[in-house]
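A.B. asks: structure, please.
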Amino acid sequence: SWLTLFEMTMAPGGFLQHRYIFDEVNPAFFFIIAGYVCFVTFAVIRVITALFLKATLAASDAEHRQETARTRMRRSEYAKRLCSSLEEDLQKARIDRNGLELLLSFKHFTDW
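C.D. replies: Predicted structure coming up:
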């Protein structure tokens, strides 16, 4: 009987193949089995949807972490280049108010 319920729930045309249950036993079984089929089908679809949602959110989270790591790496490289250019000449390595204003005038520096 469980195999019959499984076939009627998952197999296309299961209701037609096992119609004798309704005709020979009792027509009230139709409502019980129809309710069961609706409940199980709804539950299976919810599980499948949850699995797809979990996979999608995991991929989104991984993409966000990779983008954050790339941004961190770009900023670190920019800071290293800035420090190396300032360290080339010890006299120019000191930043006074005019030097800071000059650095803040660069769009890339202010965005960072």
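A.B. asks: for A58, see how far away the residue nearest to L103 when sequence neighbours are not counted is.
C.D. replies: Of all residues not flanking L103 in the chain, F109 sits nearest, at 5.2 Å (C-beta to C-beta, 6 or more residues apart in numbering). Any C-beta I mention is one placed from the backbone N, CA and C, and that applies to glycine too. Distance from F109 to A58, counting by C-beta to C-beta, to the nearest Å: 36 Å.
A.B. asks: the two: which is more packed in?
C.D. replies: F109 (13 against 10; other C-beta atoms under 10 Å).
A.B. asks: any idea how far that one lies from L102?
C.D. replies: To L102, F109 is 9 Å away according to C-beta to C-beta.
A.B. asks: related to what we said a few turns ago, which SS state does the residue nearest to L103 fall under?
C.D. replies: Three-state call for F109 (DSSP: H, G, I helix; E, B strand; the rest coil): helix.
A.B. asks: that one against L100, yeah?
C.D. replies: No - applying C-beta atoms under 8 Å as the test, F109 and L100 come out as separate, 10.0 Å apart.
A.B. asks: quick check: the most centrally placed residue in the chain vs I95, distance?
C.D. replies: Centroid-nearest residue in the chain, with C-alpha atoms, centre = their mean: L57, separated by 1.7 Å. To I95, L57 is 45 Å away according to C-beta to C-beta.
A.B. asks: okay, now L86: neighbour count?
C.D. replies: L86 - counted by other C-beta under 10 Å - has 15 other residues nearby.
A.B. asks: ok, back up a step: name the element the residue nearest to the centre of the chain belongs to?
C.D. replies: Taking DSSP states H and E as the definition, L57 sits inside helix 29-87.
A.B. asks: ok, and what's touching the next helix or strand after that helix?
C.D. replies: Counting by DSSP H and E, the element after helix 29-87 in chain order, helix or strand, is helix 97-104. Outside of helix 97-104, the residues within contact range by C-beta atoms under 8 Å, 6 or more residues apart in numbering are 95, 109-110.
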